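**Q** structure, please.
(one chain, ligands or ions: 1)
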Amino acid sequence: MRNKLIAGNWKMHGSLKEAAALIASLKAGAGKVRAELAVFPPYVFLHATAEALAGSSIALGAQDCAAHEEAQGAHTGDVSAMMLRNLGCAYVILGHSERRSFHGETDETVRRKAEIALAQGLTPIICVGETLNERQAGQAEAVVTGQVRACLPQENGGFCLAYEPVWAIGSGLTPSAEEVEAMHACIRRIADVRVLYGGSVKPENAAELLSLPGVGGALVGGASLKAEAFLAIAAAA
Ligand code: PGA
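**A** Residues are numbered from 1 along each chain as shown. Predicted structure coming up:
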């Protein structure tokens, strides 16, 4: 069976010094876990993190990329997939619910970014997930499958999906094991790729979530900022 991918989304956290300390601790512990590890620092820490990760098995990724076809151009504030690739990134998170809600990203934007990222040799991790209202209204599967269909790049593979219920992100709440398993099965009927679970993954719930059929790994936010917690999640995989 393929090893699980444990992806740490640092979001807009930390300083260069904290990033260096976190990477040093992760490198020291990475050899003891079977899972694949990847970290997703803010753009400004990518270069230093890439240098710190040299020679280790931990992969690097970015939290977003530009939606423009050109690898460079007049796009103030944007960072292209090619630039990320040149920095040593292997992955890029796309369509995280925070990008969707704070930056108005649509499924169409996410799909375009995924195609651009794939063309540059990055592995996109495309995020989908329902809100609490949608779950309570019994629409979770319809919403998520709609997002998956609309975000899917034309390529058949080379990307991952991440099921992240919006209400589970940073809240300490998670869906039940049955709900996670059912949703992953539903997603994998549309795209038979690695599907990560994300939303309040921590050392205490990692073993259960990661043992569910169809769960190919975890996308971890808060708990990825502490080496001990992140490595404990990876060890549970
Ligand atoms: P969380 O975040 O682990 O802090 O809930 C997950 C995510 O947003 O990817």
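**Q** shouldn't residue 196 be within a strand?
**A** Yes - assessed with DSSP: H, G, I helix; E, B strand; the rest coil, residue 196 lies in a strand.
**Q** check contacts around it.
**A** Counting by CB atoms under 8 Å, 6 or more residues apart in numbering, residue 196 makes contact with 5, 7, 125, 160-163, 215-219. Just so you know, the C-beta spots here come from the backbone N, C-alpha and C atoms, and that holds for glycine as well.
**Q** just residue 163 next, same as before
**A** Residues counted as contacts of residue 163 (CB under 8 Å, 6+ apart) are 128-129, 144, 180, 183-184, 187, 195-198.
**Q** bridged to it, which residues?
**A** Note on residue 163: beta-bridge partners by DSSP bridges are residue 128, residue 197.
**Q** which bits of this structure sit near the ligand?
**A** Residues of the chain found near the ligand (CB under 6 Å from any ligand atom) are 9, 164, 169-170, 198-201, 219-223.
**Q** ok, of these, which one's closest to the ligand?
**A** For the residues of the chain next to the ligand, the minimum distance to the ligand (CB to the nearest ligand atom) is 2.2 Å, reached by residue 221.
**Q** so the closest one touches residue 168, yeah?
**A** No - taking CB atoms under 8 Å as the definition, residue 221 is not a contact partner of residue 168, at 10.2 Å.
**Q** give me the common contacts of those two.
**A** Listed as contacting both residue 221 and residue 168 by CB under 8 Å, 6+ apart are residue 198.
**Q** and the contacts of residue 196, which of them are in helices?
**A** Judged by DSSP state H, the contacts of residue 196 include no members of helices.
**Q** which SSE is the residue located most distally from the centre of the chain in?
**A** The centre of the chain is farthest from one residue, residue 74, which by CA atoms, centre = their mean lies 27.8 Å away. When elements are assigned from DSSP states H and E, residue 74 belongs to no helix and no strand.
**Q** so what's it scoring on pLDDT?
**A** Note for residue 74: predicted pLDDT of 97.
**Q** could you do residue 136 as well?
**A** Model confidence at residue 136, given as pLDDT, is 97.
**Q** flag the shaky bits of the chain, pLDDT-wise.
**A** Across the chain, no stretch falls below the confidence threshold (pLDDT under 70).
**Q** would you map the helices across it?
**A** Using DSSP H, helices in the chain cover 16-30, 43-53, 81-87, 97-103, 107-119, 132-136, 140-151, 177-190, 203-210, 227-236.
**Q** list the buried residues in the fourth one.
**A** Under the neighbour-count criterion of 16 or more other CB atoms under 10 Å, helix 97-103 has 97-100 buried.
**Q** ok, the third one next?
**A** The neighbour-count check on helix 81-87 (16+ other CB under 10 Å) flags 81-85, 87 as buried.
**Q** from those, pick the one nearest residue 23.
**A** residue 87 (14.7 Å; CB to CB).
**Q** thinking the closest one is in contact with residue 48, fair?
**A** No - counting by CB under 8 Å, residue 87 does not reach residue 48; the two are 10.3 Å apart.
**Q** one step back: relative to residue 63, how far out is the residue farthest from the centre of the chain?
**A** 23 Å (CB to CB, to the nearest Å).
**Q** ok, now residue 99?
**A** 8 Å.
**Q** residue 235 too?
**A** Per CB to CB, residue 235 is found 25 Å from residue 63.
**Q** ditto for residue 14
**A** Separation of residue 14 from residue 63 (CB to CB) stands at 13 Å.
**Q** which neighbours do these two share?
**A** Common neighbours of residue 14 and residue 63 (CB under 8 Å, 6+ apart) are residue 42.
**Q** neighbour-wise, which of the two wins?
**A** Between residue 14 and residue 63, residue 63 has the larger neighbour count (other CB atoms under 10 Å), namely 22 against 16.
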